[in-house]
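**Q** What follows is a predicted structure for the sequence shown.
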Amino acid sequence: MILLELFIGFLKVGCFAFGGAYGAIPLIRDVVLSYGWLDDEMLTYMIAVSESTPGPIMVNLATYVGSSQAGIPGSLVATLAVVLPSFIIILLVTALLKAVLKNPCVQAVLRGLKPCMIGIILATGVCMIIRNGIVIENSAMMLRPLILTLLLGAIYFGSRKIKKGGISPILLICLSAAAGIVAYGI
């Protein structure tokens, strides 16, 4: 039964995810939480792990959730389900690509989807920051190191506007690692 649930849940994600892996995170979140496979905090950690491992985030998340629920068969079923719609669509699109992309209605739909996907990704990010970035302990509100990392990211993107060279991504990774060590201790 769990294999069928994994297949149906991740088939929904694969069918309705548009705009790349970050656009799929809200769909994956809804499916995973509705079936009770992971809680919100664990899902947030798994998104971070999926970003740092090779491969698409959507496939990595499906594989992890499937593995945590039904072992290797679960990971295979969830991964197959999440990739199957894209595989079929790509096969169909390559056959009809030239005619379809020249259609002004299709171009208008694709142009209209871009800002929608930006809004969905931004809303999900803000929601996750609010839920996971603020902790209340001993009736005192504290910010987690996530906020510090976001501030470093803001400094990075702000500095790119100030000077064209900006901060090196390697330097930003080193600064983030140092912030994590300071915040969490060794």
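**A** All right, it came through fine.
**Q** which SSE is G14 in?
**A** G14 is part of helix 2-16, with elements assigned from DSSP states H and E.
**Q** Show me what whichever helix or strand comes after that helix packs onto, helices and strands only.
**A** Taking DSSP H and E as the definition, the helix or strand that follows helix 2-16 towards the C-terminus is helix 21-35. Taking 3 or more C-beta pairs under 8 Å, 6 or more residues apart in numbering; DSSP states H and E as the contact definition, the neighbouring helices and strands of helix 21-35 are helix 2-16, helix 40-52, helix 57-102, helix 104-133. Just so you know, the C-beta spots here come from the backbone N, C-alpha and C atoms, and that holds for glycine as well.
**Q** Which one, of those, ends up nearest to L175?
**A** Evaluated with C-beta to C-beta, these place helix 40-52 nearest to L175, the distance being 16.9 Å.
**Q** Quick one: residues in contact with that closest one.
**A** Residues from elsewhere that reach helix 40-52, judged by C-beta atoms under 8 Å, 6 or more residues apart in numbering: 25, 28-29, 32-33, 38, 57, 60-61, 64-65, 128, 131-132.
**Q** of these, buried ones?
**A** When neighbours are counted using 16 or more other C-beta atoms under 10 Å, the contacts of helix 40-52 contain these buried positions: 25, 28-29, 32, 38, 57, 60-61, 64-65, 128, 132.
**Q** got the buried residues for the helix holding G14?
**A** Buried residues in helix 2-16, counting neighbours by 16+ other C-beta under 10 Å, are found at 3, 5-7, 9-15.
**Q** Let me know the closest of these to C174.
**A** Ranking the buried residues of helix 2-16 by separation from C174, with C-beta to C-beta as the measure, puts V13 on top at 34.8 Å.
**Q** Find the nearest non-adjacent residue to the closest one, please.
**A** Across the structure, with C-beta to C-beta, 6 or more residues apart in numbering as the measure, the residue nearest V13 apart from its sequence neighbours is L27 (4.9 Å).
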